[in-house]
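In: from the sequence below, what's the structure:
(one chain, ligands or ions: 1)
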Amino acid sequence: MSAEATNPEAAPTDVTVRRRGRARIDLRRLGRAALLNATAGPAPRDRLPDAISHVAEAHRAHHPEADLTVLGRAYVLAESSHRGQFRKSGEPYITHPLAVTLILAELGAETTTLTASLLHDTVEDTEVTLDQVRREFGDEVAYLVDGVTKVEKIDYGAAAEPETFRKMLVATGSDVRVMSIKLADRLHNMRTLGVMRPEKQARIAKVTRDVLIPLAERLGVQALKTELEDLVFAILHPEECETTRALIADNPGADDALGAVAEQVTAVLREAGIGAEVLVRPRHFVSVHRARLKRGELRGCDFGRLLVLVAEDADCYAVLGELHTCFTPVISEFKDFIAAPKFNLYQSLHTAIAAPDGAVAEVLIRTHRMHKVAEAGVVALGNPHVGQESDTAGSQADDGERVDPTRPGWLSRLLDWQQSAPDPDTFWTSLRADLAEDDEITVFRADGSAPGTISLPAGASCVDAAYAQHGEAAHTCLGARVNGRLAPLSTVLGDGDTVQLLLAQDAVSGPSPEWLDHARTPAARIAITGWLRAHPESAAPPAPTDPRPQVSVPADRRSGAELHADLDGEQPAAVRPAGCCTPVPPDEITGFRVRGGSVTVHRARCSAVDAMRGLGREPVTVRWGDTPQGRVTLVAESFGRPGLLADLTEAIATFGAAVVSANVEPPSEQRVRHTYTLHLPDVTGLAALMRAMRDVPGVYDVSRAHPSRGVS
Ligand code: MN
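Out: As a prediction, this is how the structure comes out:
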């Protein structure tokens with residue numbers, strides 16, 4: 001799972017080597033505290049009810065200026081309307097919305113979200129109506145409560161999963177705060193699942209695993225995600241969970257091992273004058289379990305990670321420099337998620353260092369702002385409807401994906417897919433596949449116009465990159481350059497690759513059915529499927545890939561351009577251009593006498609010239625005559641498509657050139673090479689002809705034939 005390598009994971013406790021301010025959110029501890037106070041009952045009108053004092057305290061810690069009276073009013077309405085209702089555990093029902101709200105407050109959610117969270121079950125479960133919520137708390141709160149109510153209904157309706165999930169997206173997609181409340185709601189329900197029948201526990205745990213945990217990951221809410229993972233782990237894999245628990249219990253020195261490295265790191269950074277906090281973050285259960293599966297045996301340092309918190313972005317690199325200088329870095333573990341943030345907003349530097357005793361410690365380096373986003377994801381984005389402080393992640397993104405903080409890139413894409421998916425099943429299948437993606441890669445765009453990054457699931461190809469970047473415009477994609485080299489669209493991309501996508505200017509053709517073999521992402525699959533359905537004629541068999549030449553014109557022996565050879569005794573001899581390099585004016589040329597007394601003329605740089613000299617053959621001075629005509633062999637490298645040959649020969653004919661011979665090599669990886677020997681009425685037009693051929697859609701290069709390229 002990508003979380004292993006690319007995401008920090010919250011843990012039950014932190015050993016603070018040096019602590020300034022709050023570095024981790026302990027949702028459980030505060031959750032219990034809230035429950036203890038929940039039965040205190042309503043407070044006098046003008047005072048904040050005691051029961052929400054923990055919520056208020058947590059909220060103030062993130063938003064010192066927040067107006068708490070609205071929270072008091074929401075609590076009073078929720079408490080009075082839920083009064084007489086009880087959880088299955090026997091606790092008053094109000095303990096649930098309180099606990100949910102505290103989770104969100106701890107994560108730094110803004111006041112409107114908290115207000116809606118306190119009321120999130122009132123419309124569904126009590127006499128309170130949505131209109132009443134709207135009257136007393138305004139449109140925004142009513143909108144959020146309504147969204148959560150709709151989402152709530154989908155959880156247990158497994159039979160209608162695809163369609164209900166679509167509805168859920170429609171209900172929540174326009175405001176991601178609905179999803180935040182839903183996730184916190186699920187976390188509290190999972191914490192208190194023990195009172196349910198085992199079958200029901202398992203069913204809820206599976207939905208949590210399949211849908212809500214991936215959602216939390218996509219929305220960047222690590223603090224929720226990791227706890228949900230551990231709760232699901234305990235229900236669905238009780239034995240492995242127990243093994244992991246025992247493993248952790250058997251390694252009580254794990255914190256000490258990392259703590260020792262942390263002390264050394266702290267000393268190094270202090271020496272370098274870099275202000276930083278160095279924390280030890282134990283892995284959560286599931287992370288320990290995964291690490292054990294991956295590494296077999298775990299050493300002390302494997303039970304956690306070091307977290308280095310600094311003030312500014314530049315400090316992150318300063319820390320990295322010191323660590324890589326003073327310790328032995330494990331370079332393969334280095335990842336820069338600051339230069340290339342993950343789509344879920346996550347930013348950090350990841351590395352691993354080997355301590356003098358050989359222990360390897362993983363290190364996460366980030367600023368306090370990055371840390372907040374890493375823990376709370378979209379919840380930390382605040383109220384999208386008011387101006388954002390400049391320290392929120394949503395406002396600093398530049399790739400167009402995160403401009404709207406209520407709709408981070410992934411959620412926007414989901415909404416787009418659900419609109420374009422032909423039916424709920426296609427959408428659901430694609431979505432499940434996408435949610436199940438464990439790992440993702442970041443590739444760099446190289447369009448010149450809009451540099452940036454694209455996040456893709458591991459195993460994605462250039463086809464996926466094309467649709468991720470260009471949407472439906474990717475239908476006209478002809479090929480790609482990967483790391484500067486031409487590559488077929490089927491090329492599987494690796495993390496950090498640079499991709500330049502080559503699109504036809506005109507919609508000369510659409511995606512071929514084979515693209516589906518290389519499309520991993522729902523966006524690409526849905527778009528391609530949709531196009532193919534709308535263009536049934538394109539499902540016809542692809543152009544023949546017969547390895548024999550499609551055109552074969554008998555070779556013409558005319559010598560083309562007028563050539564003169566300076567021969568001893570000015571003796572008459574046939575002078576002809578060599579077939580290997582087909583020189584034309586004004587190429588620099590060299591001639592050699594060949595058997596029979598005739599002279600063969602090569603371009604000066606032709607490798608045959610070196611070969612002849614190497615054999616001791618004396619070159620003959622040759623020069624061009626005045627005739628402008630000539631013969632040239634050109635190689636056109638293209639991406640295969642129907643009609644390519646016709647378009648190329650038309651371009652050639654437009655220039656008045658005659659095709660002497662043509663050869664089409666069998667396609668390889670969707671690429672084809674056409675070789676044309678042309679008779680030009682005027683060789684000065686050669687450059688223009690080559691340009692015209694390059695402009696034919698699908699053609700990415702046209703060059704003069706040369707023996708070293710395998711053309712003769
Ligand atoms: Mn609820």
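In: ok, the closest residue to the ion within the chain - contacts?
Out: Residue nearest to the ion within the chain (Cβ to the ion): Asp185, separated by 4.1 Å. Backbone N, C-alpha and C define where each C-beta goes, glycine included. Contacts for Asp185 (Cβ atoms under 8 Å, 6 or more residues apart in numbering) come out as 100, 117, 120, 148, 152.
In: all helices of the stretch 551-700 of the chain, in order?
Out: 607-614, 644-654, 686-694 (DSSP state H, counting those that start in this stretch).
In: what kind of secondary structure is Thr351 in?
Out: strand (DSSP: H, G, I helix; E, B strand; the rest coil).
In: remind me which helix or strand the residue positioned nearest the centre of the chain belongs to.
Out: Nearest to the geometric centre of the chain sits Ser455, at 1.2 Å (Cα atoms, centre = their mean). In the assignment (DSSP states H and E), Ser455 maps to strand 452-457.
In: tell me which residues of that strand are tucked away?
Out: The neighbour-count check on strand 452-457 (16 or more other Cβ atoms under 10 Å) flags 453-457 as buried.
In: Asp256: which of those is nearest?
Out: Ser455 (37.4 Å; Cβ to Cβ).
In: ok, how many other residues are close to Leu680?
Out: 23 (other Cβ atoms under 10 Å).
In: and what of Thr129?
Out: Neighbours of Thr129 (other Cβ under 10 Å): 12.
In: the nearest residue to it once chain neighbours are set aside in helix, strand or coil?
Out: Nearest residue to Thr129 in three dimensions, chain neighbours excluded: Val123, at 6.6 Å (Cβ to Cβ, 6 or more residues apart in numbering). Following three-state DSSP, the label given to Val123 is helix.
In: report pLDDT for Val123.
Out: For Val123, the model assigns a pLDDT of 90.
In: check Ala314 too.
Out: 89.
In: make sure it is indeed in a strand.
Out: No. Applying three-state DSSP, one finds Ala314 to be helix, outside a strand.
In: just to revisit the earlier point, surely the residue nearest to the centre of the chain meets Phe444?
Out: No. At 11.2 Å, Ser455 does not count as touching Phe444 under the criterion of Cβ atoms under 8 Å.
In: tell me which helix or strand comes right after the helix or strand harbouring Ile213.
Out: Ile213 is part of helix 213-218 when elements are defined by DSSP H and E. Using DSSP H and E, the helix or strand that follows helix 213-218 in sequence is helix 222-236.
In: how far off centre is that next one?
Out: Here helix 222-236 is found 24 Å from its chain centre; the criterion is Cα atoms, centre = their mean, to the nearest Å.
In: packing partners of that helix?
Out: helix 27-37, helix 95-107, helix 176-191, helix 198-207, helix 213-218, helix 238-249, helix 285-295, helix 368-376 (3 or more Cβ pairs under 8 Å, 6 or more residues apart in numbering; DSSP states H and E).
In: could I get the shortest one in CSV with only the CA atoms?
Out: The C-alpha trace of helix 213-218 is given here as CSV (Å, rounded to 0.1, in the frame of the first residue of the first chain):
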residue,chain,number,x,y,z
ILE,A,213,-10.8,4.3,4.0
PRO,A,214,-9.9,4.9,0.4
LEU,A,215,-12.0,8.1,0.6
ALA,A,216,-10.1,9.2,3.7
GLU,A,217,-6.9,8.5,1.8
ARG,A,218,-8.0,10.4,-1.2
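In: how far does the host helix or strand of Tyr143 sit from the chain's center?
Out: Under the criterion of DSSP H and E, Tyr143 resides in helix 139-154. In terms of Cα atoms, centre = their mean, the centre of helix 139-154 is set 30 Å apart from its chain centre.
In: strands along the stretch 451-600 of the chain, start to end?
Out: Secondary structure of the stretch 451-600 of the chain (DSSP state E, counting those that start in this stretch): strands at 452-457, 477-482, 485-487, 498-503, 563-566, 575-577, 589-593, 599-603.
In: by mean pLDDT, show me the worst of those.
Out: Among the strands of the stretch 451-600 of the chain, strand 563-566 scores lowest, with a mean of 67.
In: pretty sure Asp682 is touching Val632, no?
Out: No. At 11.6 Å, Asp682 does not count as touching Val632 under the criterion of Cβ under 8 Å.
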